[in-house]
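Trainee: Here you go, sequence then predicted model.
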Amino acid sequence: MANAAALLFLVAALVCHMRTGDAQRFCGKSSVTFSVRKTGNVVGGQPEYVVSIGTSCSCPMKNVHVWCDGLEDSAVPLDASKVEVQDGMRVLKQPIAKGSPVVFNYSSKVPMNFRVFNAAPVAKRHGSSQAP
């Protein structure tokens, strides 16, 4: 009986580990989502927009690099605590998590076309609930 309980525990642990591994394997740049909408404000003669960059992945995503041509012409300065410019791309300074997107404003004559260049899931340490 004790052997059956131990075997059941090991099988359950293995299934849980496999499901977590599968989730991280399929999380990548295709899991990054963008939402852009007008705020109704006009800044420097240009409509203001708010962009929300999130993820559909169950794991937080880090190292998110985004292409968005024309953002350098925005009359609204980018929030330096959230976004930085690196090699012509916008790099998010913090991970994004499902339900906790990075949100910032910009202004432009037309909405920007955001495209993700890079994103990676935050790997969790075994036996720990904190990300490295």
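Mentor: Everything's here; your move. Numbering: from 1, shown residues only.
Trainee: got the phi/psi numbers for the residue sitting nearest the centre point of the chain?
Mentor: With distances taken as C-alpha atoms, centre = their mean, residue 96 lies nearest the centre of the chain, 3.6 Å away. For residue 96, the backbone dihedrals (degrees, to the nearest 10) come out as phi -110, psi 150.
Trainee: which is the next helix or strand following the longest strand belonging to the chain?
Mentor: When the chain is parsed with DSSP state E, its longest strand is strand 32-43. Next along the chain after strand 32-43, taking DSSP states H and E as the criterion, comes strand 46-55.
Trainee: Between the two ends of stretch 91-100, how far is it?
Mentor: 17 Å (C-alpha to C-alpha, to the nearest Å).
Trainee: Could you list the buried residues of that stretch?
Mentor: Within stretch 91-100, the residues that count as buried by 16 or more other C-beta atoms under 10 Å are 92, 95-98. To be clear about C-beta, it is placed using only N, CA and C from the backbone, and glycine gets the same treatment.
Trainee: same deal with stretch 76-86?
Mentor: Within stretch 76-86, the residues scored as buried using 16+ other C-beta under 10 Å are 76, 78, 83.
Trainee: ranges for the helices of this structure?
Mentor: 2-25 (DSSP state H).
Trainee: Confidence-wise, which helix or strand of it is lowest on average?
Mentor: The least trusted helix or strand in the chain, going by mean pLDDT, DSSP states H and E, turns out to be helix 2-25, with a mean of 40.
Trainee: can you pull the contacts of residue 45?
Mentor: residue 75 (C-beta atoms under 8 Å, 6 or more residues apart in numbering).
Trainee: what's the answer for the one 3 residues further on, then?
Mentor: By C-beta under 8 Å, 6+ apart, the contact list for residue 48 reads 38-42, 76, 105-107.
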